[in-house]
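[1] Fold the following for me, if possible:
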Amino acid sequence: MENINPEIIKALTVHANKIVAGSYEDVDKILSLTDKTENSPELAELAETFGMMSVKIEAREYALEQTIEELKKKNAHIVALNTIRVQLSSLFVSIVLLVSSYTFALGVLASEFILKQHFFKIFTRYPIVEIISVLIIVRIMLVSRLSLKDFGVTFAGWKRSVAESLIVSTAFIGLLALFKHWVCVHHPGVFKENQIFSLSYFNLSYVTYILIAPLQEFVARGVVQGSLERLLDTKYRGFISILVTCFLFGALHMAHSLNLAVASFISSWVWGWMYYRQKNLTGVSLSHFLVGNAADFMGYWTFF
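    Sure thing, here's the model as predicted:
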């Protein structure tokens, strides 16, 4: 040990103190002392040990910093998701209460006593109740601070949405036409006319339906189904959100008639599936409008 260089010992001591302080900037200087031709084997080995220790500690600290950064990001993501879930929960409860009130309002307006009152006829001829309900929903959405895109109000992917809508609607209308043809052949008299389509049914409701269909889809698919799909934490959340929405959509039409409620429940499965795939209201609103009016031209609405 007679070749011990005090400068090397001092350098190692200084570096050790820097390691304790979390500084690794002198690692290269320490590694330069590992040359056994210039220093004793003991000092060279000691310098190499200090150098490797510094490198490993620095690597571990870097990995720890990366882990902490990832945990911070994940925590921020969890906090954001929790905030959205709380907002969606509040929104969903508000919507359910509103829909229930809406159903009661339609039931009251359809009662015999109300129908005899001239003042209330305006509520049955025009979609005033629907418009008021949608305005309340929009207000609730604004308070929730969620974007319109979260409720399907977006034109992203609208071309694909419209294309799928036209295909599905054509198939749907075709099935309705075939069913009517079969009924007219085997059970004549069920429909008032044997022709598949009849323009005699045309009235103002065909025009206003271009507003009613999107409004109903906005509430049913955009708000209820979309909120449920985000709230549920299960493998089958898509199916469950569609199922619940179908029952709710059918119940909304119960005030008109049981037949309309059943028809709405069945058709809601098609539009629920479309919205689950497309995540925008363009296609489902178009399909709702086309199928609804086509069914009316074929005389199906006389059963509702």
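[2] can you pull out the helices in the stretch 151-300 of the chain?
    Along the stretch 151-300 of the chain, counting by DSSP state H, counting those that start in this stretch, helices occupy 158-186, 205-217, 226-231, 237-252, 258-278, 281-297.
[3] nearest to Ile137, of the ones you listed?
    helix 205-217 (9.4 Å; C-beta to C-beta). Every residue, glycine included, has its C-beta placed from N, CA and C.
[4] just checking, what packs against that closest one?
    The contact analysis (3 or more C-beta pairs under 8 Å, 6 or more residues apart in numbering; DSSP states H and E) places helix 205-217 against helix 128-144, helix 281-297.
[5] Could you tell me the least trusted of those?
    Of all the helices and strands packed on helix 205-217, the minimum mean pLDDT falls on helix 128-144 (a mean of 69).
[6] Going by neighbour count, list what's buried in stretch 254-273.
    254-255, 260-261, 263-265, 267-268, 270-272 (16 or more other C-beta atoms under 10 Å).
[7] quick one on the thing from earlier: now the helices and strands packed on helix 205-217 in JSON lines, with distance to Gly152 and mean neighbour count?
    Shown next, in JSON lines, are these (distance: least, C-beta to C-beta, whole Å; neighbours: other C-beta atoms under 10 Å):
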{"stretch": "helix 128-144", "distance to Gly152": "12", "mean neighbour count": "16"}
{"stretch": "helix 281-297", "distance to Gly152": "4", "mean neighbour count": "23"}
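[8] To Asp233, which of these lies closest?
    helix 128-144 (19.4 Å).
[9] ok, and what's touching stretch 186-206?
    Stretch 186-206 has contacts (C-beta atoms under 8 Å, 6 or more residues apart in numbering) with 177, 180-181, 183-184, 293-294, 296-299, 301-302.
[10] quick one, domains of this protein?
    6-70, 149-304 (automatic domain parsing).
[11] What's the mean pLDDT across the top helix by length along the chain?
    Taking DSSP state H as the criterion, the chain has its longest helix at helix 41-109. Helix 41-109 shows an average pLDDT of 76 in the prediction.
[12] what is the orientation angle of it with helix 237-252?
    Put simply, helix 41-109 runs at 10 degrees to helix 237-252, going by axes from the mean of the first three to the mean of the last three C-alpha atoms, to 10 degrees.
[13] Now do helix 41-109: which elements does it pack against?
    helix 6-21, helix 27-31, helix 128-144, helix 226-231, helix 237-252.
[14] now, of these, which is deepest in the fold?
    Of all the helices and strands packed on helix 41-109, helix 226-231 has the most neighbours on average by mean count of other C-beta atoms under 10 Å, namely a mean of 21.
[15] From the contact counts, what lies against it?
    helix 41-109, helix 237-252.
[16] Now with 10 Å, please.
    Contacts defined by 3 or more C-beta pairs under 10 Å, 6 or more residues apart in numbering; DSSP states H and E place helix 226-231 against helix 41-109, helix 237-252, helix 258-278.
[17] Just the pLDDT at Ile8, thanks.
    68.
[18] low pLDDT regions in the stretch 101-250 of the chain?
    Across the stretch 101-250 of the chain, the ranges flagged by pLDDT under 70 are 106, 109-130, 133, 140-141, 143-144.
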